[in-house]
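> sharing a sequence plus its predicted fold:
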Amino acid sequence: MHLTRRGLLAIAARTSAMGAVAHLAPGSLLAQATKMGVAAGKEKLMVRSLRPPDYETPVALLDSWLTPVEHFYVRSHMPTPPGLDAATWTLQIEGEVNTPITLNLDELRKMPSATLTTVLECAGNGRAFFDPPVAGIQWGKGAVGNARWTGVRLGDLLKRAGLKSSGLFVTMNGADRGLGSQPDFVRQLPIAKATHPDTLVAYEMNGQPLAPLHGFPLRAIVPGWEGAYSIKWLTTVRVIDREFDGFWVATGYRYPTKHVAPGTAVDPKDMAPLTGLVVKSLITKPLDAGVSAPGRIDVAGFAWAGDHEITRVDVSTDHGATWQPARLVGERAKYAWRRFEYAFDAQRPQSYLIMSRATDASGQTQPLSPPWNPSGYLWNAPDSVRIEVKS
């Protein structure tokens, strides 16, 4: 869709309005009223759910290339398993393999390790901005983070077990268990992604053992794909010869195979499993609703695009009338986000709408209006913040 100024302003207005409504919504009232129930170390995050724990990171805490563990968002489909013990934890590799194996954490740590930096983002990040609204956790902008992960290549584990040619998919299961009749949270990877050298079974995050909320003692890391593939509390990897028919593959985390009108119900058979992330940007400086004195305004943030490199970020400071290229600076890694910076002179006291729009190496640019879908996945309209310049 062509990016028109009128359309961009409409998106920016809706995003700002949704942000304002969020301050009054019951979920946000819960976030303010239940800090005593937040897991230790996560007190600065916004509570979207207490049980299971789902915490969103305020944009103000996302201004570093590596997101500190204490600031990293938390997405859990089920409560954190009790009794997590590294000394007794094991990982099973089974199914379409010649020799099923069970490894403890010490044995995994003795294997060759790999480290990579990648963005993890919930598929529903930005769900609150879709119109009409969709069910699910009403994430704003902060269900995303960038961290450095260390572990064993999943492909090495499959090779050690003797992967059979009949193996087409890999399922991953953790120790978490559902509430009531909730189906077990099992995800599936095509064998090519499972054996990719960048797909890990991780035991460290930012140089430290995983925290319980982030999957201690083991979790999958599937870089470039939406965060729910990176199964926490990993216990079982099973190689299978056909597509898995469990709920979280056959029904959940699916995306329409064609565009649908907003508000349309879509049968799961007309959708396909969601995989990679889309191109996206986030302004982390200045913060929305900020007030500045006349003069230089520094704009900064991050952009990411799953498997693809960010090649360009453009910034508008005049409600989308014109766009100027920002500088791409700082550290870079294949799956990580990239820092962008821009500055402009705001001498006139008035309201300024600042917008960012990223483009990746495949030529994809943030769209004017992300395709509506019944699960509210992959919101990636240009980001915007509004500030006031006052004498």
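Perfect, I can see it now.

> which residues of the stretch 1-150 of the chain fall in strands?
In the stretch 1-150 of the chain, the strands defined using DSSP state E, counting those that start in this stretch lie at 46-49, 54-56, 90-95, 101-104, 113-121, 144-153.

> what pLDDT does the closest residue to residue 158 other than its chain neighbours get?
Leaving aside its chain neighbours, residue 158 sits nearest to residue 195 (6.1 Å; criterion: C-beta to C-beta, 6 or more residues apart in numbering). Where C-beta positions appear, they are placed from N, C-alpha and C, glycine not excepted. The predicted local confidence for residue 195 comes out at a pLDDT of 98.

> do I have it right that residue 195 meets residue 155?
Yes. The pair residue 195 and residue 155 passes the contact test of C-beta atoms under 8 Å, sitting 4.0 Å apart.

> distance to residue 339, mean pLDDT and mean neighbour count for the strands of the stretch 1-150 of the chain - can I get that in CSV?
Written out in CSV, the entries for the strands of the stretch 1-150 of the chain read as follows (distance: least, C-beta to C-beta, whole Å; pLDDT from 0 to 100; neighbours: other C-beta atoms under 10 Å):
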stretch, distance to residue 339, mean pLDDT, mean neighbour count
strand 46-49, 24, 97, 21
strand 54-56, 21, 98, 24
strand 90-95, 35, 98, 18
strand 101-104, 38, 98, 16
strand 113-121, 13, 98, 21
strand 144-153, 10, 98, 23
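
> which residues touch the nearest residue to residue 93 once chain neighbours are set aside?
If you skip the residues right next to it in sequence, residue 93 has residue 161 as its closest partner in space, 4.3 Å away by C-beta to C-beta, 6+ apart. Neighbour list for residue 161: 93-94, 97-101, 239 [criterion: C-beta atoms under 8 Å, 6 or more residues apart in numbering].

> which residue ranges of this structure form helices?
Assignment of helices within the chain using DSSP state H yields the ranges 5-22, 26-33, 105-110, 154-161, 191-194, 247-250.

> ok so, going back, for the residue nearest to residue 93, report the pLDDT, please.
Taken from the predicted model, the pLDDT recorded for residue 161 is 98.

> tell me the spacing between it and residue 240.
With distances taken as C-beta to C-beta, to the nearest Å, residue 161 is found 14 Å from residue 240.
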